[in-house]
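> Next input, structure requested:
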Amino acid sequence: AKAQLATARRSKPRPKPTAQVLPTRRSARQRGGPAQGKSGQDMTDAEFAAALAREQEPEPEPLYFDDSSVRHYACEGAGGGAPSSTRRPSAGAALAGYAESPITLADACLKKVYSMHNSGDLLAVGGDKGYAAVYGLGRAPPEAGEATPSLITFRAHKGWLSEIQFLACGQAADQKLVLTSANDGVLSMWDVFKSVEGGGGRGGASVAQSVFQHAGLHSGGIFSMHEQGLRVLTGGKDAVVCLSDIAPAGGVRPAHAYDGAHAGVVKCVRWLPAEAVSGSTDTFASAGNDGQIYVGDARAGRRGLRAAVEGAHPYAINFVEWHPESEHLLLSAGFSAEVLLHDLRKPGEPLFRFQGHTQTRGPCKKIYRPVFSDGGRTIITKGTAGRLGQSTSLRRKWKERHGKGEFSNKKARGGKQRKKYERADMKAFNRKK
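The predicted structure follows:
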């Protein structure tokens with residue numbers, strides 16, 4: 001009996017795993033789609049399951065773009081007019097100083113702002129995590145004392161946004177085109193007059209309509225970008241300066257890649273303003289981590305980029321800026337404690353050295369971006385913590401050095417030897433202010 005019981009236990013059948021149940025196969029004609037060279041009976045189980053899954057995937061719903069809040073703001077006007085502090089003085093008015101604007105612009109997505117550009121009453125900003133926003137400078141805040149929200153905020157790139165700029169020409173009346181570049185190596189164009197609600201998978205309450213996205217200009221991130229006359233310059237982490245043409249219908253056509261000049265990251269590229277030469281210009285400047293300033297000619301092809309000021313700064317150069325009325329004057333700033341004004345005809349020594357915006361003796365830990373103002377007669381830059389900033393008058397510096405006369409493009413071309421501006425005199429100048 002024990003032997004029979006053991007035999008019975010050994011012969012007890014074990015449960016078999018259930019096989020995967022697949023739907024009944026049908027021919028390609030019956031399924032309403034191609035079978036990619038195989039009929040339903042000739043497909044393996046894995047191929048048939050994959051084909052069926054593709055058929056069952058719902059088609060993505062198309063995005064319907066409508067007029068954005070930016071378009072409504074532009075059509076309705078500035079909503080009663082911008083505050084008096086944001087109105088620009090007339091062309092012939094003398095600059096008396098600067099006042100803090102009562103407008104506070106804030107957005108929860110933009111923790112850090114790296115680039116700004118305005119077009120009339122519209123201000124485009126871009127920064128951390130690839131977010132871009134457009135503000136209306138004449139828009140009143142929701143409540144007194146509160147910050148004015150943006151008209152539109154969206155995630156334009158996967159990496160931090162390096163530059164943002166309104167397109168000045170080449171757009172229809174019902175368009176407002178914005179160029180953006182970022183650390184993800186992509187150059188993009190957006191129409192902020194059109195948007196789609198819900199974010200479209202890019203973050204934000206609404207997203208601007210994409211015109212194009214081009215990712216083939218650089219092998220790394222794009223650190224700087226500047227457009228003029230439908231030609232765009234980009235400087236990248238791959239030590240390359242690229243010149244591209246923007247097609248009127250959208251898209252980018254690369255023209256030249258200057259890859260034999262800079263020895264490090266290209267941090268700034270800038271076209272010479274057309275107003276400085278009374279017409280169109282093919283001249284541009286670039287600078288970066290190698291401390292060199294290069295000046296290029298777009299007509300000369302790939303060999304058109306040559307060193308203009310060697311060893312301009314002891315550390316990396318972060319920004320260069322052309323004088324708005326002179327093709328020979330170029331402003332530069334880096335991690336050193338000086339802002340330099342160069343005369344490209346005499347690159348051996350800076351024309352002026354500006355100090356006082358930072359109190360450090362060695363390299364700066366922050367990035368400062370000086371700009372020309374008042375038609376090129378003054379320079380303004382941000383200061384260190386606790387300082388609102390600093391404005392330096394070129395006219396006053398010229399009088400202090402020469403005792404008479406006015407600083408102008410004509411005077412800057414004189415052949416007299418210019419001595420170095422002493423630090424003690426610059427400190428006295430700062431105290432007078």
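> now the stretch 151-300 of the chain, which segments are flagged as low pLDDT?
198-205, 248, 279 (pLDDT under 70).
> Using the three-state scheme, assign the nearest residue to Glu338 once chain neighbours are set aside.
If the residues on either side of it in the chain are set aside, Glu338 comes closest to Arg353, at 5.1 Å by CB to CB, 6 or more residues apart in numbering. Every C-beta, even on glycine, is put in place using the N, C-alpha and C of the backbone. Under DSSP: H, G, I helix; E, B strand; the rest coil, the three-state class of Arg353 is strand.
> Glu275 now?
Under the three-state scheme (three-state DSSP), Glu275 adopts helix.
> and it, how many neighbours?
Residue neighbour count, defined by other CB atoms under 10 Å, stands at 13 for Glu275.
> give the contact list for the spatially closest residue to it that is not a sequence neighbour.
With CB to CB, 6+ apart as the criterion, Glu275 has its nearest non-adjacent residue at 6.0 Å, and that residue is Pro324. Applying CB atoms under 8 Å, 6 or more residues apart in numbering to Pro324 gives the contacts 273, 275-276, 372, 375-376.
> Can I have the buried ones of those residues as a PyMOL selection?
Here is the PyMOL command that selects only those of those that count as buried (16 or more other CB atoms under 10 Å):
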select buried, resi 273+276+372+376
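> Distance to Leu179 added to the contacts of Pro324, as CSV?
Written out in CSV, the entries for the contacts of Pro324 read as follows (distance: CB to CB, whole Å):
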residue, distance to Leu179
Pro273, 17
Glu275, 20
Ala276, 22
Phe372, 22
Gly375, 26
Gly376, 25
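> related to what we said a few turns ago, from memory the residue nearest to Glu338 sits against Leu340, does it?
Yes. Arg353 is in contact with Leu340 according to CB atoms under 8 Å; the separation is 6.0 Å.
> Please name the nearest non-neighbouring residue to Glu146.
The shortest distance from Glu146 to any residue that is not its chain neighbour, by CB to CB, 6+ apart, is 7.9 Å, and that residue is Thr104.
> which residues touch that neighbour?
With contacts defined as CB under 8 Å, 6+ apart, the neighbours of Thr104 are 141, 146-148.
> what's the spacing between it and Tyr258?
Look at Thr104 and Tyr258: by CB to CB, to the nearest Å, they are 41 Å apart.
> the more surrounded of Arg353 and Leu340?
Remark: of Arg353 and Leu340, Leu340 carries more neighbours, 23 against 17, as counted by other CB under 10 Å.
> who's in contact with that one?
The neighbours of Leu340, taking CB under 8 Å, 6+ apart as the test, are 312-313, 331-333, 350, 352-354.
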